[in-house]
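**Q** What follows is a protein structure lacking sequence information:
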């Protein structure tokens, strides 16, 4: 008993620390659920209550009934943007990463350096030139105007490049012996064996696209092109504050992300570990 109890005693502080950190992490979610089920008076009341009494489920009905905030359409726009950006952006990143890792052409290192440098440029710096280009092409107040600039991710390209640098060369050599070129090897051999990496970065791109705020705010000036994040921001302005609707909207908006993370978390960890951050 003493021999078995000693390792458990040593692990006890780790479990206690992990439990405390988990509670701290879950606290904002509890506050969000609690406030989403309260009235305005209860949310702003100085008296603290752990659970709302009674539960104000009407907040969710009012959220979608508000004619000035097209919440349902905004959720659809966010879904459309994310479900297009994630697979297409991941495919582009995979293709670019494979080319930089395996196709030996002059200037390959210079291109990779350029891609790496773009990570150091704040996104806000590129807003004006990107807006000018997208606006001149008629992309203002359109879904494709929100999607197109985000289809290329330097972060995704770099991770895919590092992943393909460690890809077994024997598999590619076997494909070339069968007469396949670079595109054939990539399409028939490399891409099918990159499932964990594609799933992890696809999930990350979906989450990033769903949470995007600044670019959709700049390009989507009409309520018909709002995403869920823009619709949420209308509940908290300098003129009015609707906290129950804000928390209810946040709860509805975050639900797809929680589901996505629960399904893809093991792929995210496995894919990032497989990519490596060093050569």
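**A** All right, it came through fine. On a predicted model such as this, the values are computed, not experimentally measured, just so you know.
**Q** For the rest of this, base every contact and every neighbour count on C-alpha atoms.
**A** OK.
**Q** How far off centre is the helix or strand containing residue 205?
**A** Using DSSP states H and E, residue 205 falls within helix 195-211. Centroid displacement of helix 195-211 relative to its chain, using Cα atoms, centre = their mean, to the nearest Å, is 6 Å.
**Q** after the helix or strand hosting residue 77 comes which helix or strand?
**A** Assigned by DSSP H and E, residue 77 belongs to helix 71-102. Following helix 71-102 in sequence order, the next helix or strand is helix 108-118 (DSSP H and E).
**Q** Contact partners for residue 228?
**A** Residue 228 makes contact with 71, 74, 75, 77, 78, 253 under the criterion Cα atoms under 8 Å, 6 or more residues apart in numbering.
**Q** Tell me the spacing between the nearest residue to residue 150 once chain neighbours are set aside and residue 148.
**A** With Cα to Cα, 6 or more residues apart in numbering as the criterion, residue 150 has its nearest non-adjacent residue at 6.9 Å, and that residue is residue 85. Taking Cα to Cα, to the nearest Å as the measure, residue 85 falls 8 Å from residue 148.
**Q** Between those two, tell me which one has more neighbours.
**A** Of the pair residue 85 and residue 148, residue 85 is the one with more neighbours under other Cα atoms under 10 Å, namely 26 against 15.
**Q** State the distance from the more buried one to residue 92.
**A** For residue 85 relative to residue 92 (Cα to Cα), the value is 10 Å.
**Q** Low-confidence ranges, the protein, go.
**A** Along the chain, segments meeting pLDDT under 70 span 1-8, 238-239, 267-279.
**Q** could you pull out the strands for it?
**A** Applying DSSP state E to the chain gives no strands.
**Q** and the helix holding residue 77, which residues are buried?
**A** 71, 73-75, 77-102 (16 or more other Cα atoms under 10 Å).
**Q** Check which helices and strands that helix sits against.
**A** Contact analysis of helix 71-102 by 3 or more Cα pairs under 8 Å, 6 or more residues apart in numbering; DSSP states H and E lists helix 58-65, helix 108-118, helix 143-147, helix 154-165, helix 195-211, helix 228-233 as its packing neighbours.
**Q** Now do the longest one against helix 154-165, angle only.
**A** Pointing back at helix 195-211 there. Calculated by axes from the mean of the first three to the mean of the last three Cα atoms, to 10 degrees, helix 195-211 forms an angle of 180 degrees with helix 154-165.
**Q** Check what contacts stretch 178-189 and list those residues.
**A** 98, 103, 171, 172, 175, 176.
**Q** And stretch 105-112, by the same measure?
**A** residue 100.
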